[in-house]
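Visitor: Quick one: sequence plus predicted model below, questions after.
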Amino acid sequence: MKDVKIFFLYFSFVTLLTSLIFSCDETRYRQLDITTSVVERKDFSKSIELIGISQKIDSAFLPASILIHDNYLILTDKAGSKSIHIYEIERSKLLYKGGYIGKGVGPEELILPWKIFNANDRSIGVYDPELKKILKIDIDSLVRFKNGITSLSFDPITYGVSIYGSDLVYFNPIDPTARLFRSTIGKTETIKYGKLSTPGKSWGKLDSDFETNYKFHYARLESFSDVFLVSYYRIPFFEIYDLRKGTRISLEIFDDLPPIERFNRGTYISSSQVTENFIYILYMNGLTDAKPRNNEIFVFDHKGNPVNKLVLDQDIFEFRVFEEKELFVLASEINGRDFDLIRYKLE
């Protein structure tokens, strides 16, 4: 009888331990309320033409992306010895604060500062796919005291990642079972949101061969609070996820899907942003150039309704909206410069 009790206690302990192990590695799928609509160019009845002012900043580095955090403008640097350069936004000019985050393999260094993004706790994140890590940075602490950097390990090699409270929200290119993945930092539990999208008739023919066609899902991830924007480089399509409401709005915009033989050759949406009130889309019209550029930014509300179109006086490849009042953009090969940072007034 004693042996039976010991066995029962041992079995109960093993069962409990197993359940704890599996509960820590649990994957859940979150159902979403999904709507899909089609938007055409004629739906934008209001067009605003803008003339910008070059900021004539130092061109000794090569920016890959741009971010605005509070009153700071941040540029990533692909070529120089520093990963990011920070400017303070003043009324009539930009005040250079310095270059930060050295290049290397140290705990507070990066090799490839690929993706830069705002976190919703007033910090920013910089993702390095080569080192498989994210540096979470308090910009005020970095600028004032040269500290405020936290290193986070992040194994997936991804096109998009964002910090959402104590969680990471990201794409997982090797897992076709969902569009967004959400994991708590330091834990293995994962929540999945949304299936990979199937807009148009041709798309379904490709979805079954994910390994061959994974680039058709090549997308950009932007966020503001609970709203996540997924915009696609290779197809005229974007999605608005609201993780608090559990909704996904899918929008097919302007052009038909390219024929199968032309997939991966053209660029449709190269840069995008979601703010407190609006969604901004830099549309490239399916250009097949190696470095696509265009001057049209289309503005939507969070429900996907057209608002207006911004027409710039320069072709650009990247932009950021500041307080819904100004627009900062990156353009290349202008007036003999490798790149230029241009400032526009929106009001």
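Guide: Looks like it arrived, so ask away.
Visitor: for residue 100, which residues make a bridge with it?
Guide: For residue 100, the beta-bridge partners under DSSP bridges are residue 84.
Visitor: and residue 290, how many neighbours?
Guide: Using other Cβ atoms under 10 Å, residue 290 has 6 other residues around it. Quick note: C-beta positions are derived from backbone N, CA and C, even for glycine.
Visitor: So which residue is smack in the middle of this protein?
Guide: residue 221 (2.8 Å; Cα atoms, centre = their mean).
Visitor: who are the neighbours in contact with that residue?
Guide: 117, 159, 160, 161, 162, 169, 170, 171, 180, 228, 229, 230 (Cβ atoms under 8 Å, 6 or more residues apart in numbering).
Visitor: The fourth one: neighbour count?
Guide: The burial metric for residue 161, expressed as a neighbour count using other Cβ under 10 Å, is 22.
Visitor: returning to that earlier point: following element in sequence after the helix or strand encompassing the residue nearest to the centre of the chain, please.
Guide: In this structure, residue 221 sits in strand 219-224 according to DSSP states H and E. Sequence order places strand 227-232 as the next helix or strand after strand 219-224, per DSSP H and E.
Visitor: who does that next one pair up with?
Guide: By DSSP bridges, strand 227-232 pairs with strand 219-224 (antiparallel), strand 237-242 (antiparallel).
Visitor: Ok, which of those comes nearest residue 153?
Guide: strand 219-224 (19.1 Å; Cβ to Cβ).
Visitor: now could you export just the CA positions of that closest one as CSV?
Guide: This file holds the C-alpha atoms of strand 219-224, laid out as CSV (Å, rounded to 0.1, in the frame of the first residue of the first chain):
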residue,chain,number,x,y,z
ALA,A,219,5.6,43.1,-45.3
ARG,A,220,6.3,45.9,-43.0
LEU,A,221,5.0,46.2,-39.4
GLU,A,222,4.1,49.5,-37.8
SER,A,223,2.1,50.2,-34.6
PHE,A,224,0.5,52.8,-32.4
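Visitor: mean confidence for that strand?
Guide: For strand 219-224, mean pLDDT is 94.
Visitor: How about stretch 326-334?
Guide: 88.
Visitor: tell me which residues in it are buried?
Guide: Using 16 or more other Cβ atoms under 10 Å as the test for burial, stretch 326-334 gives 327, 328, 329, 330, 331, 332.
Visitor: Need these in a markdown table (columns: distance to residue 151 and secondary structure).
Guide: As requested, these are exported to a markdown table (distance: Cβ to Cβ, whole Å; DSSP: H, G, I helix; E, B strand; the rest coil):
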| residue | distance to residue 151 | secondary structure |
| --- | --- | --- |
| 327 | 33 | strand |
| 328 | 28 | strand |
| 329 | 31 | strand |
| 330 | 27 | strand |
| 331 | 33 | strand |
| 332 | 32 | strand |
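Visitor: So the nearest residue to residue 39 once chain neighbours are set aside versus residue 236, what's the distance?
Guide: Leaving aside its sequence neighbours, residue 39 sits nearest to residue 253 (Cβ to Cβ, 6 or more residues apart in numbering; 4.7 Å). Distance, residue 253 to residue 236, using Cβ to Cβ, to the nearest Å: 5 Å.
Visitor: Now the common contact residues for these two.
Guide: residue 283.
Visitor: coming back round to it: name the nearest of the buried residues of stretch 326-334 relative to residue 33.
Guide: residue 327 (32.4 Å).
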